[in-house]
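Asker: output the structure for:
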Amino acid sequence: MIHNPSSFLCPVCHAPLLRLERSYCCPNRHSFDCSKYGYVNLLLDNAKNSKLPGDNKEMIRARKEFLEKGYYFPLVQALQKEVSGALKEVEHPVLLDAGCGEGYYTYHLSEALRQQGACPEVFGVDISKFALQRAGRRLQQAQLAVASVFHLPLAGNSIHALVNLFAPCCPGEFHRVLREDGHLFLVIPDREHLWELKTQVYEHPYPNEVKPYDLDGFTLAGVQKVASRITLENPQDIGNLFSMTPYSYRTSQQDVQRLRELTALHTKIQFQILHYVPQRKA
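Answerer: As a prediction, this is how the structure comes out:
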């Protein structure tokens, strides 16, 4: 039987987990089976807000189809450059995607690290098992877990780089798991991200709020803005884009109907990559 150490912690007793062939086990004999997709569920029942927390199957399908057409590839390239640059001197970097979804960005980041000669150890956590079913197919060399970013099942001081894209942010947990020489990359939408989409849906659209960059326990090391324009040439891509945004569940049927009548859409995409380094731990 194969026994490999893992940075994952047991969610019951917080002891280190050993990775076996098809499961994870801690010294106190708490065991967690891997699914057929390769991920392990480390989200305890009392931590769930619903029976099926996180993004549902339809949202995951829409995001996968949209992203794989390359519409957001300018963001991929910019993020690859930022993360690879920060880890260029690290031979065996440990990367965590906190809120990894279906693994699109996780995959491209791990490939960028390999292309510069590193041997990364890659972890991904997401609260949606449907997302990790997709991620498990894409990221066969990564360790994936159903878990909350507010209670990361990872050892402290174990991560070289943590990325968090459009997902809930928990500075305290991120600071705990990052090494003192680690790096945190947050990706947020800029003020006019998808502006033309909004004008098609809403009678009175408003810009996105970009909050102050201050983050407890961290020092801002840099801000990289990414902007481009994309053209969606069919209703399916437009619908997929809308389905993967927060607007999809807070928009009236009347406004959604206007979107369904579109046959093409030309819109801005705008992101900010916020690079933080941890302040010294007490």
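
Asker: tell me who's in contact with the closest residue to residue 133 other than its chain neighbours.
Answerer: Of all residues not flanking residue 133 in the chain, residue 37 sits nearest, at 4.7 Å (Cβ to Cβ, 6 or more residues apart in numbering). Where you see a C-beta, it was placed from the backbone N, CA and C, and this is true even at glycine. By Cβ atoms under 8 Å, 6 or more residues apart in numbering, the residues touching residue 37 are 132, 133, 135, 136, 137.

Asker: buried subset of those?
Answerer: 132, 133, 135, 136 (16 or more other Cβ atoms under 10 Å).

Asker: may I ask which two of the residues you listed are separated the most?
Answerer: 133 and 135 (7.4 Å; Cβ to Cβ).

Asker: list the residues that contact both of those two?
Answerer: Contact criterion Cβ under 8 Å, 6+ apart; residues shared by residue 133 and residue 135: 37, 39.

Asker: and the longest helix along the chain, how far out from the chain's middle?
Answerer: When the chain is parsed with DSSP state H, its longest helix is helix 73-86. Its chain's C-alpha centre and that of helix 73-86 lie 14 Å apart, by Cα atoms, centre = their mean, to the nearest Å.

Asker: out of the buried ones among the contacts of residue 37, the closest to residue 188 would be?
Answerer: So of these, ranked by how close each gets to residue 188 (Cβ to Cβ), first place is residue 135, at 21.6 Å.

Asker: surely residue 88 and residue 115 touch.
Answerer: No. Taking contacts as Cβ atoms under 8 Å, residue 88 lies outside contact range of residue 115: 11.7 Å.

Asker: so what's the residue at minimal distance from the centre of the chain up against?
Answerer: Geometric centre of the chain, nearest residue: residue 100, 3.1 Å, by Cα atoms, centre = their mean. The neighbours of residue 100, taking Cβ under 8 Å, 6+ apart as the test, are 106, 124, 125, 126, 131, 132, 135, 144.

Asker: the first one looks like it's in a strand, true?
Answerer: Yep, that's residue 106 we're talking about. No. With DSSP: H, G, I helix; E, B strand; the rest coil as the criterion, residue 106 is assigned helix and is not in a strand.

Asker: neighbours around it, how many?
Answerer: Look at residue 106: counted by other Cβ atoms under 10 Å, it has 25 neighbours.

Asker: for residue 208, see how far away it is.
Answerer: 24 Å (Cβ to Cβ, to the nearest Å).

Asker: what's the answer for the last one, then?
Answerer: When Cβ to Cβ is the yardstick, residue 144 and residue 208 sit 30 Å from each other.

Asker: can you list the weak-confidence ranges in the stretch 151-282 of the chain?
Answerer: 249, 281-282 (pLDDT under 70).

Asker: the strands in it, which residues?
Answerer: 159-165, 178-189, 218-232, 265-278 (DSSP state E, counting those that start in this stretch).

Asker: same thing with the stretch 1-150 of the chain?
Answerer: Using DSSP E, counting those that start in this stretch, strands in the stretch 1-150 of the chain cover 4-9, 16-19, 23-25, 31-33, 40-41, 94-98, 121-126, 143-146.

Asker: residue 143 is in contact with residue 6, correct?
Answerer: Yes. Using Cβ under 8 Å, residue 6 makes contact with residue 143 at a distance of 6.4 Å.

Asker: quickly list what's touching both of those two.
Answerer: Joint contacts of residue 6 and residue 143 (Cβ under 8 Å, 6+ apart) are residue 19.

Asker: per-residue pLDDT, the residue lying closest to residue 106 once chain neighbours are set aside?
Answerer: In this structure, residue 106 finds its nearest non-sequential neighbour in residue 97, 4.2 Å apart by Cβ to Cβ, 6+ apart. Residue 97 carries a pLDDT value of 98.

Asker: which residues touch residue 97?
Answerer: Contacts of residue 97 (Cβ under 8 Å, 6+ apart): 103, 105, 106, 109, 122, 123, 124, 125, 162, 163, 164, 165.

Asker: try it again with 7 Å
Answerer: 105, 106, 124, 163 (Cβ atoms under 7 Å, 6 or more residues apart in numbering).

Asker: name the nearest residue to the first one, ignoring sequence neighbours.
Answerer: Going back to what we said before, that points to residue 105. Using Cβ to Cβ, 6+ apart, the nearest residue to residue 105 is residue 165, at 5.6 Å.

Asker: distance of residue 164 relative to residue 258?
Answerer: 33 Å.

Asker: perfect, I'm done here.
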